[in-house]
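Trainee: How does the following fold in three dimensions:
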Amino acid sequence: MYEGTVGFDYKRLALFSLNKETENLLRQENLLKYNFYKQYATIEIRQKLDFSDYILKGIGIIVGGTQISTGIAIMGLGDASVAGSVVGNVAGAALIVHGIGTIQENLGAIIENDVNFKGYLRHGYEHAAQLLGYSKKTGSLVYGGIDLILSGYGLFRSTLKPEAWRLFHYINQDYVRSYQLMHGYALGFEIMAD
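Mentor: Residues are numbered from 1 along each chain as shown. All right, here's what the predicted structure looks like:
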């Protein structure tokens, strides 16, 4: 026997099997299409939440609440300067909106039992990306990026030390970065959540 003839037989057998399967599928399609048979069962593949997903979604709800409270604090405790209060108010409002979106997505995922549940805010980002000629995935990535930037702003913004006091104005030594005031568990939780 020549070398390679066994492989040729396997190839011919594989092609025969594929052609036979194609014929069967076409026959079944025609039977269903022209109502010779009725379809009684369908299979729907849907990814459901498992225990670890419930834990992560619960953490996401807590993170959303933290974003809302941080946004309120940033807006309420803005710097005395006009530029600082504008930046603080914009960042605070954005944190509040993203916090509400985070809670909606995580709570919706638990209620709907769907890992890939998307909230209105994420849909808005995806729609805006499509209007600008980009894909939905790009909009979703922008949403996640802005969420990270807002969390970073919350961690690295200047806040007053607890022991700071003023006679007329606070001085630079009265301010520290927000993450320096956080305890180890809270900081670890914030980093893990992002």
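
Trainee: In the longest helix along the chain, which residues are buried?
Mentor: The single longest helix within the chain, with elements called by DSSP state H, is helix 82-112. By neighbour count on 16 or more other C-beta atoms under 10 Å, the buried set for helix 82-112 is 87-88, 91-92, 94-107, 109-110. The way it works is simple: take the backbone N, C-alpha and C, and place the C-beta from them, glycine included.

Trainee: can you give me the strands in the protein?
Mentor: Counting by DSSP state E, the chain has strands at residues 158-160, 175-177.

Trainee: Could you list the low-pLDDT ranges of this structure?
Mentor: Counting by pLDDT under 70, the chain shows low-confidence ranges at 1-8, 37-48, 77-84, 153-194.

Trainee: so where do the helices sit in it?
Mentor: Using DSSP H, helices in the chain cover 5-33, 51-76, 82-112, 120-131, 136-156, 178-181, 184-193.

Trainee: how about the fifth one as CSV, C-alpha atoms only?
Mentor: Which is helix 136-156. Extracted in CSV, the C-alpha atoms of helix 136-156 (Å, rounded to 0.1, in the frame of the first residue of the first chain):
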residue,chain,number,x,y,z
LYS,A,136,-21.5,48.9,21.4
LYS,A,137,-18.4,47.2,22.9
THR,A,138,-16.5,50.5,22.7
GLY,A,139,-19.3,52.3,24.5
SER,A,140,-19.3,49.7,27.2
LEU,A,141,-15.5,50.0,27.5
VAL,A,142,-15.8,53.8,27.8
TYR,A,143,-18.5,53.3,30.5
GLY,A,144,-16.1,51.1,32.5
GLY,A,145,-13.2,53.5,31.9
ILE,A,146,-15.1,56.5,33.2
ASP,A,147,-16.2,54.5,36.2
LEU,A,148,-12.6,53.7,37.0
ILE,A,149,-11.6,57.3,36.5
LEU,A,150,-14.3,58.5,38.8
SER,A,151,-13.3,56.0,41.5
GLY,A,152,-9.7,57.2,41.1
TYR,A,153,-10.7,60.8,41.5
GLY,A,154,-12.5,59.8,44.7
LEU,A,155,-9.4,58.1,46.0
PHE,A,156,-6.9,60.7,45.0
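
Trainee: Which neighbouring elements make contact with it?
Mentor: Using 3 or more C-beta pairs under 8 Å, 6 or more residues apart in numbering; DSSP states H and E, the elements in contact with helix 136-156 are helix 51-76, helix 82-112, helix 120-131, helix 178-181, helix 184-193.

Trainee: Try it again at 6 Å.
Mentor: helix 82-112, helix 120-131 (3 or more C-beta pairs under 6 Å, 6 or more residues apart in numbering; DSSP states H and E).
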